[in-house]
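Undergrad: Need a 3D model of the sequence below.
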Amino acid sequence: MKKEVTIQTEVTTSKLQSTPDNSLRFSILASGSSGNCTYVETDQKRLIVDAGLSGKKIQQLFTEIDRDISQLDAIFVTHEHKDHIHGVGVLSRKYNLPVYANRQTWQAMDSMLGYIAEENRRYIEADTMTEFGDIDILTYNVSHDAIQPQFYAFQKGKKQFVMLTDTGYVSDRLRSQLKNASAYLIESNHEIEMLRYGKYPWSVKQRILSDKGHLSNEDGALAMVDLIGRATSDIYLGHLSRENNTKELALTTAINTMRLYDLGVDEDFLVHMTDPVQATALKIL
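TA: Take a look at the predicted model:
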């Protein structure tokens, strides 16, 4: 029987050594239907959320932001789909990294990861606020066709970075709970007409358009209209479909929608694109 290790609070000494500061730093290493990985760092901790590419590719992406992958402290997993866990097992084994996910996700992905050391099997459940070194981590469920998908918001002092992709809709509860963060990664998966008239089978189109699918450009933009607050400085559009979207369409829809609601695009906050194979510049909040 596998040993369960439940995450409560962790104050162990990190491998990260640097001059103390209060900033929260992150980079979207990769975001898209082909693979997802996000890097988060503070003075004490370095972690990634998901590892949906090969270990070799993720290591290459680390060099783009001038970081050493061997300095990582942990991997946090959102759900068991391949574009989120492809490299989890190899990275955990190579760098002796703990892997955090909820119990249902562990059950669904266990056989796909290969061997994971017992001490590196960690459990973190939804609707909790957990201390991880000097980071507070909020977990919350989303609506997606996985067994128990959950995402994360990372907080250091007054700075907060919210991740919200792989969901068919954004509930009123999440809109209230995640409002006024410093930065967001929001899903902008598809342009509805491109998807409807594209080459996907109708069953796949129905799945993507359903409440357990993915946010369209318009849906993601409208969610951000409710989420943006005075503290918000940066919005990243993520998880774009290669077949049913373009960066230009996603960015135009987001900006036009926000301007329609008199939000200060390029004045109060900036909107950025992500990429499936190229890391965003390291953002310091």
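
Undergrad: for this structure, what are the low-confidence residue spans?
TA: For the chain, applying pLDDT under 70 flags the ranges 1-20.

Undergrad: the domain parsing of it - what is it?
TA: Per automatic domain parsing, the structural domains of the chain span 3-7+23-125, 167-274.

Undergrad: looking at the ones you listed, which is closest to Thr280?
TA: Across those, Thr280 has its closest neighbour in domain 3-7+23-125 (4.6 Å, Cβ to Cβ). Every residue, glycine included, has its C-beta placed from N, CA and C.

Undergrad: highest average neighbour count across the domains of the chain?
TA: domain 3-7+23-125 (a mean of 20; mean count of other Cβ atoms under 10 Å).

Undergrad: Any idea how far that one is from the middle of the chain?
TA: Its chain's C-alpha centre and that of domain 3-7+23-125 lie 11 Å apart, by Cα atoms, centre = their mean, to the nearest Å.

Undergrad: Go ahead and flag the most central residue of the chain.
TA: Met163 (4.5 Å; Cα atoms, centre = their mean).

Undergrad: What is the helix or strand where it lies packed up against?
TA: In this structure, Met163 sits in strand 159-164 according to DSSP states H and E. Applying 3 or more Cβ pairs under 8 Å, 6 or more residues apart in numbering; DSSP states H and E, we find strand 159-164 packed against strand 150-156, strand 183-187.

Undergrad: Direction included, what does it pair against?
TA: Strand 159-164 pairs in its sheet with strand 150-156 (antiparallel), strand 183-187 (parallel), by DSSP bridges.

Undergrad: Kindly reformat the ones you listed as TSV containing distance to Ser176.
TA: Converted to TSV, these look like this (distance: least, Cβ to Cβ, whole Å):
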stretch	distance to Ser176
strand 150-156	13
strand 183-187	15
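
Undergrad: Of these, which is nearest Ala51?
TA: strand 150-156 (14.1 Å).

Undergrad: Just say helix, strand or coil for the spatially closest residue to His272 that is not a sequence neighbour.
TA: Leaving aside its sequence neighbours, His272 sits nearest to Tyr236 (Cβ to Cβ, 6 or more residues apart in numbering; 4.8 Å). Classification of Tyr236 using DSSP: H, G, I helix; E, B strand; the rest coil returns strand.

Undergrad: my guess is Tyr236 meets Ile186, correct?
TA: Yes - taking contacts as Cβ atoms under 8 Å, Tyr236 lies within contact range of Ile186: 7.2 Å.

Undergrad: quick revisit: any idea of the angle the strand holding Met163 forms with strand 234-238?
TA: 20 degrees (axes from the mean of the first three to the mean of the last three Cα atoms, to 10 degrees).

Undergrad: Following the chain past strand 159-164, name the next helix or strand.
TA: helix 172-177.

Undergrad: And that next one, what does it pack against?
TA: Using 3+ Cβ pairs under 8 Å, 6+ apart, helix 172-177 is in contact with strand 135-141, helix 217-227.

Undergrad: again, 10 Å this time
TA: strand 135-141, strand 159-164, helix 217-227 (3 or more Cβ pairs under 10 Å, 6 or more residues apart in numbering; DSSP states H and E).

Undergrad: Identify whichever of those lies nearest to Glu248.
TA: Nearest to Glu248, of the helices and strands packed on helix 172-177 and by Cβ to Cβ, is helix 217-227 at 10.6 Å.

Undergrad: how big is the angle separating that closest one from strand 159-164?
TA: 150 degrees.

Undergrad: Show me what helix 217-227 is packed up against.
TA: Using 3+ Cβ pairs under 10 Å, 6+ apart: helix 217-227 touches strand 159-164, helix 172-177, strand 183-187, helix 192-196, strand 234-238, helix 247-260.

Undergrad: could I get these as JSON lines with distance to Leu227?
TA: Converted to JSON lines, the helices and strands packed on helix 217-227 look like this (distance: least, Cβ to Cβ, whole Å):
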{"stretch": "strand 159-164", "distance to Leu227": "8"}
{"stretch": "helix 172-177", "distance to Leu227": "6"}
{"stretch": "strand 183-187", "distance to Leu227": "6"}
{"stretch": "helix 192-196", "distance to Leu227": "21"}
{"stretch": "strand 234-238", "distance to Leu227": "9"}
{"stretch": "helix 247-260", "distance to Leu227": "11"}
